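# missing the sequence, but the structure's below:
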């Protein structure tokens, strides 16, 4: 952890802060209890997402504001035929609709819809996003509303930039479909919002099934380390 920037391949099931917490703990244990240097990130990933995180260490944290503005590439699996409260697989099912098209027809429709999504889109963000409204993260408001049996409806609308949207594969599972898509987008673009928008254009409910971030600006996932590898390197 002597370098100013570290590239991490975040695993599924932990938060972005969990990654930082583990690195701090590892640093301290490797340096006789010495306090770890300041560590920050250039963009979070949801617990269900995997892939590239750019971390600043010590002096490197001064670069994070600049790095958060970089364009990003993702590989997204989008579930077509089902929408959920959180816009991903973590939430409860809101709407279902059987996918009836043959895979060849569906592939053509998805490719066309993705092409038409390239550009600037005004889209609502997920009610479970980290965007703050009146100082409170959206996901906290959504969870409080959920406990009361309510739904947050006044979600912010943001301009999201899509530079590339390419369909990689489509697979049918009973009356659902999963489209694997590569997105190259501007900073501040929410892939969960793009997943739902794709569904709307196909006249189906949709949500994000899985997500992997592969690039942040010129940084590539192929150069990232597993958390355990950073620990070994620190030794």
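Here it is on my side, so go on. It should be emphasised that the depicted structure is a prediction, and the values quoted were computed from it without experimental measurement.
# show the contacting residues for residue 107.
With contact taken as CB atoms under 8 Å, 6 or more residues apart in numbering, residue 107 is in contact with 167, 170. Just so you know, the C-beta spots here come from the backbone N, C-alpha and C atoms, and that holds for glycine as well.
# any idea how far it lies from residue 113?
11 Å (CB to CB, to the nearest Å).
# state the distance from the residue most central in space within the chain to residue 37.
Closest to where the C-alpha atoms of the chain average out (CA atoms, centre = their mean) is residue 45, at 5.1 Å. Counting by CB to CB, the gap from residue 45 to residue 37 is 22 Å.
# strands of the protein, residue ranges please.
Secondary structure of the chain, counting by DSSP state E: strands at 5-10, 39-41, 50-57, 72-80, 82-84, 93-96, 119-124, 132-133, 136-137, 157-173, 176-185, 206-216, 219-220.
# distance to residue 18, mean pLDDT and mean neighbour count for the ones you listed - can I get that in JSON lines?
Rendered in JSON lines, the data for these read as follows (distance: least, CB to CB, whole Å; pLDDT from 0 to 100; neighbours: other CB atoms under 10 Å):
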{"stretch": "strand 5-10", "distance to residue 18": "9", "mean pLDDT": "94", "mean neighbour count": "21"}
{"stretch": "strand 39-41", "distance to residue 18": "11", "mean pLDDT": "90", "mean neighbour count": "20"}
{"stretch": "strand 50-57", "distance to residue 18": "11", "mean pLDDT": "94", "mean neighbour count": "23"}
{"stretch": "strand 72-80", "distance to residue 18": "20", "mean pLDDT": "98", "mean neighbour count": "22"}
{"stretch": "strand 82-84", "distance to residue 18": "23", "mean pLDDT": "95", "mean neighbour count": "22"}
{"stretch": "strand 93-96", "distance to residue 18": "27", "mean pLDDT": "94", "mean neighbour count": "12"}
{"stretch": "strand 119-124", "distance to residue 18": "28", "mean pLDDT": "94", "mean neighbour count": "14"}
{"stretch": "strand 132-133", "distance to residue 18": "21", "mean pLDDT": "64", "mean neighbour count": "14"}
{"stretch": "strand 136-137", "distance to residue 18": "17", "mean pLDDT": "66", "mean neighbour count": "12"}
{"stretch": "strand 157-173", "distance to residue 18": "26", "mean pLDDT": "96", "mean neighbour count": "15"}
{"stretch": "strand 176-185", "distance to residue 18": "25", "mean pLDDT": "98", "mean neighbour count": "20"}
{"stretch": "strand 206-216", "distance to residue 18": "16", "mean pLDDT": "97", "mean neighbour count": "22"}
{"stretch": "strand 219-220", "distance to residue 18": "20", "mean pLDDT": "96", "mean neighbour count": "16"}
